[in-house]
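Student: next input, structure requested:
(one chain, ligands or ions: 1)
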Amino acid sequence: MSNRPSFETYLEEVTAEVTGELKQTLPVHWDVPQSLVDAMQYSLMAGGKRLRPLLVVAAAEAFGAQRTAALPVACAVEMVHTYSLIHDDLPAMDNDDYRRGKLTNHKVFGEATAILAGDALLTHAFYSIVQSGRRSGVSADALLSIVEELSELAGARGMVGGQVADMEGEQGMTDLAQLQYIHLHKTGDLMVFSLIAGARIGGATEGQLEALRVFGRDLGLAFQIQDDILDLTGDEQKMGKKTQSDVNQQKVTYPYFIGMDASLEEVKSLTQSAKDALGRAELPDPSRLMEIADYLMSRDH
Ligand code: GRG
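Tutor: Coordinates of the predicted model:
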């Protein structure tokens, strides 16, 4: 009988380790105003699926790297993701009261502190990648590429650009290509980053990085279409995830453009093409990444 933990156990283990590491990496022992630390901690510890850290860890482990080498970057991407959620919830953006089933950061700490907590999480992410590099054994060259790719994929050419396109799309979106651009950047780019960062920690070749980029892009798009579907079908309101702006206005989503059945088919076909790309990467052990792809396609929240 195999000793390999089930996927559920793997998921629980990685989530617990990431959450433990996140607690340690926060600047709690520094001379930092307590209100700032509290606000950073509040959103980082508010739950969440820890999907992006999971992708970093699973990609690194697919190459046989130690999990401990991947954890600092895994935490860093969760900090960037958390900052984006805090800012996205602000009155100037989505103006949401709840996130992850709890009051949003600005509802608890006030708008100015929420903005600054987001800023501090973003900058702390880069600090912790560079600082941890000295003890994680990841080469300086790999760390340099990781920092370069995080700056690109979280910034104007990535997630922030996707967010701006989304805001502009609210004035009227006319075609699917526009929605795809938003999904690829706002949602997909941090997933692509997570995979290629994990792969770099594992020592990937250029060809393998390219295949993982395709895997991440297709997976990110499938994830977001699934999110669009769940927005319409799931019991999201009760879970505190659906945004107030979703409630107030008819959101332009994948099902809006191509209908529910075609959207469900698209999730399946993107997941399959993601898995095909992963197959082409010829990783030493792609099994957890394959399981993640199936898990995301079948998730109900
Ligand atoms: C403010 C720069 C800036 C960017 C905001 C992340 C984001 C971009 C907006 C949040 C709204 C949203 C629905 C974004 C699409 C990406 C997405 C599905 C985020 C939620 O990710 P999950 O489901 O969240 O992984 P948890 O809470 O589980 O971590």
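Student: tell me where the stretch 51-200 of the chain has strands.
Tutor: Counting by DSSP state E, counting those that start in this stretch, the stretch 51-200 of the chain has these strands, from start to end: 98-99, 102-103.
Student: deepest of those strands, which one?
Tutor: Mean neighbours per residue, mean count of other C-beta atoms under 10 Å, is largest over the strands of the stretch 51-200 of the chain for strand 98-99, with a mean of 20. Heads up, the C-betas are built off the backbone N, CA and C, glycines and all.
Student: just checking, what packs against it?
Tutor: Helices and strands touching strand 98-99, by 3 or more C-beta pairs under 8 Å, 6 or more residues apart in numbering; DSSP states H and E: there are none.
Student: ok now it, how far from the chain's centre?
Tutor: The chain centre lies 17 Å from the centre of strand 98-99; the measure is C-alpha atoms, centre = their mean, to the nearest Å.
Student: pLDDT of it, averaged?
Tutor: On average, the pLDDT along strand 98-99 is 96.
Student: for G158, phi and psi?
Tutor: phi -130, psi -120 (degrees, to the nearest 10).
Student: so who does it touch?
Tutor: Contacts were defined as C-beta atoms under 8 Å, 6 or more residues apart in numbering; by that measure G158 touches 152, 185, 189-190, 193.
Student: contacts only, for the closest residue to H124 other than its chain neighbours.
Tutor: The shortest distance from H124 to any non-neighbouring residue, by C-beta to C-beta, 6 or more residues apart in numbering, is to M79 (5.9 Å). Applying C-beta under 8 Å, 6+ apart, we find M79 in contact with 22, 44, 121-122, 124-125, 128.
Student: same for the ligand: which of those are within range?
Tutor: When contact is defined as C-beta under 6 Å from any ligand atom, these do not meet the ligand at all.
Student: could you identify the most distant pair in those?
Tutor: Largest separation among the contacts of M79 by C-beta to C-beta: L22 and L122, giving 14.7 Å.
Student: so between these two, which is more surrounded?
Tutor: L22 (23 against 20; other C-beta atoms under 10 Å).
Student: surely that one and L44 touch.
Tutor: Yes - with contact defined as C-beta atoms under 8 Å, L22 reaches L44; the gap is 5.5 Å.
Student: shared neighbours, those two?
Tutor: Jointly contacting L22 and L44 under the rule C-beta under 8 Å, 6+ apart are 78-79.
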